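[1] okay, predicted coordinates and the sequence, questions at the end:
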Amino acid sequence: MQREITGMMIYYYMVCERKLWYFCNEIQMESFDDNVRIGKALEEKSYQKEDKHINIDNIVNIDFIRSKKIIHEVKKSRKIEEASILQLKYYLYFLKSRGIDGISGKIDYPLLKQSIDVELNEEDEILFEDMKSKIKDLIEKETPPKENKKSICSKCAYYELCFI
């Protein structure tokens, strides 16, 4: 199965490989999860004057662009910030691979009234080449990876599937 790696896949890979495997193998629990619904509602209610949900080739889904040089990702909290940063850097990487350079990113936390700036660098580009290969290998396996309980698991849409 040849599949393009999406920003969401990068995010899930960083959060939990098992979650990524379920998601990519069409076992999707997000629509039933209150935390996911709260996050979507927050993103919808915040920044209402902006053009939102800029989907490019079903690979990246940019929350909004405020200026032509800054793409924004809206997040509910900073709990999984490293994954959020890599997801946004992947969007920058994807755009650069399509000839769109000189773009930066910003993660907005409307509930916290904070934001962080995100830039793509050469190490990130090397990391993504490696990560894309690992993700493709992982999602093509017959069975999901073994569960690896983390502090964030109890809030995950897949918790019951993994631990109950």
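    Sure, I can see it. Numbering: from 1, shown residues only.

[2] so how far is stretch 62-74 off the chain centroid?
    Centre-to-centre, stretch 62-74 and its host chain are 14 Å apart (C-alpha atoms, centre = their mean, to the nearest Å).

[3] just name the shakiest helix or strand of the protein by mean pLDDT.
    helix 34-45 (a mean of 67; mean pLDDT, DSSP states H and E).

[4] got a list of contacts for the helix or strand just after that one?
    Next along the chain after helix 34-45, taking DSSP states H and E as the criterion, comes strand 52-56. Residues outside strand 52-56 that contact it (C-beta atoms under 8 Å, 6 or more residues apart in numbering): 43, 44, 61, 62, 63, 64, 65, 71, 94, 95, 98. (Glycine included, C-beta is placed from N, CA and C.)

[5] show me the two of those residues that sit farthest apart.
    Taking C-beta to C-beta, the two most distant members of these are 44 and 98; they sit 27.2 Å apart.

[6] ok, back up a step: filter the contacts of strand 52-56 down to the buried ones, ChimeraX style.
    Applying 16 or more other C-beta atoms under 10 Å to the contacts of strand 52-56, the buried members can be selected in ChimeraX as follows:
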select :43,62,63,64,71,94,95
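
[7] would you state the strands of this structure in chain order?
    In the chain, the strands defined using DSSP state E lie at 52-56, 60-67, 70-74, 104-109, 114-118.

[8] show me the one of those that comes nearest residue 11.
    Of all the strands of the chain, strand 70-74 sits nearest to residue 11, with 9.6 Å by C-beta to C-beta.

[9] and the closest residue to residue 25 other than its chain neighbours, what does it touch?
    If the residues on either side of it in the chain are set aside, residue 25 comes closest to residue 139, at 6.9 Å by C-beta to C-beta, 6 or more residues apart in numbering. Each residue near residue 139 by C-beta under 8 Å, 6+ apart is listed here: 1, 3, 9, 20, 21, 24, 25.
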